[in-house]
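**Q** Predicted structure and sequence below. I'll ask about it afterward.
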Amino acid sequence: MPELSVLIVNYNTWRECIGAVRTLREHGPTRPDGSPMPFECIVVDNCSPMREPGQREALEKQLRLLAEEQGDPRAGRLIMHDENGGYSKGMNLAFSHSRGRWILVSNPDLVFTPGLVPRLQRHLENDPRAGIVVPKGFWDIGFSGRLPPNTLPTIRDLIVTTFGAFSRRLSRWHARRLARSWVRVWLAEQPLALPMMSGCLFLIERDFFESIGRFDERYPLYYEDADLSVKIRKAGRTVTQVPDAELAHFVNRSGMSDPEIMWSRHDASRQLYYRKWYGRLGKWLLKWQHWMWSTPRLARLRKQAPHGDFVDLGASAERPVLELPRHCDRCLVLMSLDPRFYLSGGMVVSGDRWTPDDDMWQNFHYATFFYKVYDLTDGRFEELGQWRYRCLSHLGQVTEEGREQLAAAAAAKGEVGQGAGS
């Protein structure tokens, strides 16, 4: 009988899910004495429209191997859902088939690292205040790029971000305030209570999960983790980050596969969250924000470059390089898809330049990235500059546009060389 159940919902992320189950087999749960703990893994596929030949079979093989290793034919299961009812509904379906006392909710686009699950287990077993435990999140397997701690959506946050579109000073203040809070979480060396957890991976006890109603299936995608965090705190328990549990999460691979559906479901979930927890006021404020951000009457007042000008690194299939104005013993590099930096990954580094290492570069995708650097030397939090970079590579592969630009650059270089030699 499994003592822990690992639940995964897959949508167009077959390759990543295969890797997740493989690394789970390698780095599974343990009992307090260090012996292996019996566990199971249940994967629900949310009617994925995209699948390369052999991928389903490869995932089933990994689940079959897991079941054989556990000596339990039900320990590795793939459930092919006949609809894409959303992440919450898929996860609750997986939960309905689970048997373990401990429930590990996991995204498919991550890897289980040595010690990750046992460290979460030991803390949840020994801390009666913890309703849920989460690891520190990283963007790469080298653990250099830190994922942003989620910010619990509140009325205050909604109002500040609305007016931030019209005030560069307010937007910069809010971004700086967020960055300071992220550094505190990123560098914490002791267990830390968080206002909100990330739904990419967390451990919870079965009875407690059921007592707070599991996932609210009305959320089609996103905000289900914010909703669950509110319910946990209202139940008098904490969302606790375990500092020595580290996770490599490749971030939103499902969403990348179908951005149109992703954003429509995100917006629907956002509206539900504010209606559920803030009633008519939340519903009205969302409409007010939409009007403030979209009405032509205020277009002249909205800031197109919310934090001022960027150093433009251009479009390239090569890695970005940030040249800092001076050497820093300790600096914070923020990386975001948002020029306001309201949601950013971060790296704490030293030197007078920064560029992604090999592990991090493999996770860059076809998008425009924004960077901001703060000098943290001697306790200061001084902004040194901001940069913009358009990536023409996608997960380690050059895109078609990238190939065209590289060919054009090579042709231009050849022409220059011929002219110089004539």
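**A** Ah, there it is.
**Q** Show me the strands in the stretch 1-150 of the chain, by range?
**A** Here the stretch 1-150 of the chain has its strands, by DSSP state E, counting those that start in this stretch, at 4-10, 39-45, 76-80, 102-106, 110-111, 130-138.
**Q** Could you point out which of the ones you listed sits nearest Arg31?
**A** strand 4-10 (10.1 Å; Cβ to Cβ). The way it works is simple: take the backbone N, C-alpha and C, and place the C-beta from them, glycine included.
**Q** Buried residues of the closest one, list them for me.
**A** Going by neighbour count (16 or more other Cβ atoms under 10 Å), the buried part of strand 4-10 is Leu4, Ser5, Val6, Leu7, Ile8, Val9, Asn10.
**Q** Same question for the helix or strand harbouring Val349: list its buried residues.
**A** Assigning secondary structure by DSSP states H and E places Val349 in strand 345-354. Neighbour-count burial for strand 345-354 flags Gly345, Gly346, Met347, Val349, Trp354 (criterion: 16+ other Cβ under 10 Å).
**Q** can you pull the pLDDT of the residue nearest to Glu16 when sequence neighbours are not counted?
**A** Distances taken as Cβ to Cβ, 6 or more residues apart in numbering place Asp109 nearest to Glu16, at 4.1 Å, with adjacent residues excluded. As predicted, Asp109 sits at a pLDDT of 92.
**Q** Just confirm Asp157 is within a helix.
**A** Yes. If the criterion is DSSP: H, G, I helix; E, B strand; the rest coil, then Asp157 is within a helix.
**Q** All the helices of the protein, residue numbers only.
**A** 14-26, 55-70, 87-96, 116-126, 155-164, 168-186, 206-211, 224-234, 253-257, 259-294, 358-361, 400-421 (DSSP state H).
**Q** Dump the shortest one to PDB, restricted to CA.
**A** As requested, C-alpha coordinates have been extracted for helix 358-361 and formatted as PDB (Å, rounded to 0.1, in the frame of the first residue of the first chain):
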ATOM      1  CA  ASP A 358      24.900  26.400 -20.300                       C
ATOM      2  CA  ASP A 359      22.200  24.900 -18.100                       C
ATOM      3  CA  MET A 360      20.200  28.100 -18.000                       C
ATOM      4  CA  TRP A 361      20.600  28.800 -21.700                       C
END
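**Q** neighbours around Cys331, how many?
**A** 24 (other Cβ atoms under 10 Å).
**Q** Distance-wise, check it relative to Leu78.
**A** From Cys331 across to Leu78, the span is 45 Å (Cβ to Cβ, to the nearest Å).
**Q** pretty sure the residue nearest to Glu16 contacts His249?
**A** Yes. At 6.7 Å, Asp109 counts as touching His249 under the criterion of Cβ atoms under 8 Å.
**Q** For the closest residue to Leu110 other than its chain neighbours, give me its contacts.
**A** The shortest distance from Leu110 to any non-neighbouring residue, by Cβ to Cβ, 6+ apart, is to His249 (4.4 Å). His249 sits next to Asn107, Asp109, Leu110, Gly137, Phe138, Trp139, Leu147, Cys200, Leu201 when contact means Cβ atoms under 8 Å, 6 or more residues apart in numbering.
**Q** Quick check: PyMOL command selecting the buried ones in the residues you listed.
**A** Buried residues within those, by 16+ other Cβ under 10 Å, are selected in PyMOL with:
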select buried, resi 107+109+110+137+138+139+147+200+201
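**Q** so which of the contacts of His249 comes closest to Thr295?
**A** Once Cβ to Cβ is applied, the member of the contacts of His249 that ends up nearest Thr295 is Leu147, at 34.4 Å.
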